[in-house]
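**Student:** quick one, structure for this:
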Amino acid sequence: MKGAKYSMVDSIAQIVASFLAILLLTSVTEKLINWKKSINKITYYKIIPKKLNPIVFFLGTAIEIYLAIKLIANHFSLIDCILYSVLLITYSTAIAINLYKGHIRISCGCGGVLESDQLSWKHLLRNTLLIIFGITVYINNTSLEVYTLDFVINLLTGANLVMLYGIIKEFDLQKKRIQRIKLIIKI
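**Tutor:** Numbering: from 1, shown residues only. Predicted coordinates:
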């Protein structure tokens, strides 16, 4: 397919791949910078023995880095898609277990723009959508060559979507804080 014109679907698939890769990279960056805190966040889930938390942390971050590279390099294979889905299903299962137990006042441990101070069923919905995005990327895997102008534009668009997601999330958080302050002031 070299030299062929890329369709809108190809561009959208590459933008989604870039979006997922940058989400993973921002998540991993924060987790690695604050690795001790990140390991403690795993501890708060109270699912696995404490001595395994560092192993789970480093394994999870290594997988996230690997998947981000595969997504950016446009080499997201079936095995990668399965690994990505299993990773998010594992994270979602840990969240669901804690939601079921009523442990909501713990950080999700997602890192980056996905980080949240409290667990919610919204995390499960978000992770389901991210899995669907990953499957979509695999199904619409393009042969768009890395480092072409189209690739760079799609990568930057994906980055902008991550920033937009972060801005909307922060705006919503600030709106909730303002509402709480208004309630306090009225009392």
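
**Student:** tell me, how many residues neighbour the residue nearest to Ser120 when sequence neighbours are not counted?
**Tutor:** Leaving aside its sequence neighbours, Ser120 sits nearest to Ile104 (CB to CB, 6 or more residues apart in numbering; 7.0 Å). Yep, even glycine has a C-beta here, placed from its N, CA and C like the rest. The number of residues packed near Ile104 is 13, by other CB atoms under 10 Å.

**Student:** quick check: Ile104 touching Gln118?
**Tutor:** Yes: the criterion here is CB atoms under 8 Å, and Ile104 meets it with Gln118 at 5.4 Å.

**Student:** in the longest helix seen in the chain, which residues are buried?
**Tutor:** Longest helix of the chain, by residue count under DSSP state H: helix 149-186. Going by neighbour count (16 or more other CB atoms under 10 Å), the buried part of helix 149-186 is 151, 154-155, 157-159, 161-162, 165-166.

**Student:** what's the answer for stretch 11-24, then?
**Tutor:** Quick answer for stretch 11-24 (16+ other CB under 10 Å): 11-24.

**Student:** keeping just the C-alphas, turn it into PDB.
**Tutor:** Provided in PDB are the C-alpha atoms of stretch 11-24 (Å, rounded to 0.1, in the frame of the first residue of the first chain):
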ATOM      1  CA  SER A  11      -6.200   8.900   9.600                       C
ATOM      2  CA  ILE A  12      -8.700   8.400  12.400                       C
ATOM      3  CA  ALA A  13      -7.200   5.000  13.300                       C
ATOM      4  CA  GLN A  14      -3.800   6.600  13.500                       C
ATOM      5  CA  ILE A  15      -5.100   9.500  15.600                       C
ATOM      6  CA  VAL A  16      -6.700   7.000  18.000                       C
ATOM      7  CA  ALA A  17      -3.500   5.000  18.100                       C
ATOM      8  CA  SER A  18      -1.600   8.200  18.900                       C
ATOM      9  CA  PHE A  19      -4.200   9.200  21.500                       C
ATOM     10  CA  LEU A  20      -3.800   5.800  23.300                       C
ATOM     11  CA  ALA A  21       0.000   5.900  23.000                       C
ATOM     12  CA  ILE A  22       0.200   9.300  24.600                       C
ATOM     13  CA  LEU A  23      -2.300   8.400  27.300                       C
ATOM     14  CA  LEU A  24      -0.100   5.400  28.100                       C
END
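
**Student:** now the chain, which segments are flagged as low pLDDT?
**Tutor:** Confidence mapping of the chain against pLDDT under 70 gives the ranges 1-6, 142-147, 187.

**Student:** again, only using 80
**Tutor:** Residues of the chain meeting the criterion pLDDT under 80: 1-8, 10, 141-152, 154-155, 186-187.

**Student:** please enumerate the helices of it.
**Tutor:** With DSSP H as the criterion, the chain has helices spanning 8-33, 35-44, 53-72, 78-101, 121-139, 149-186.
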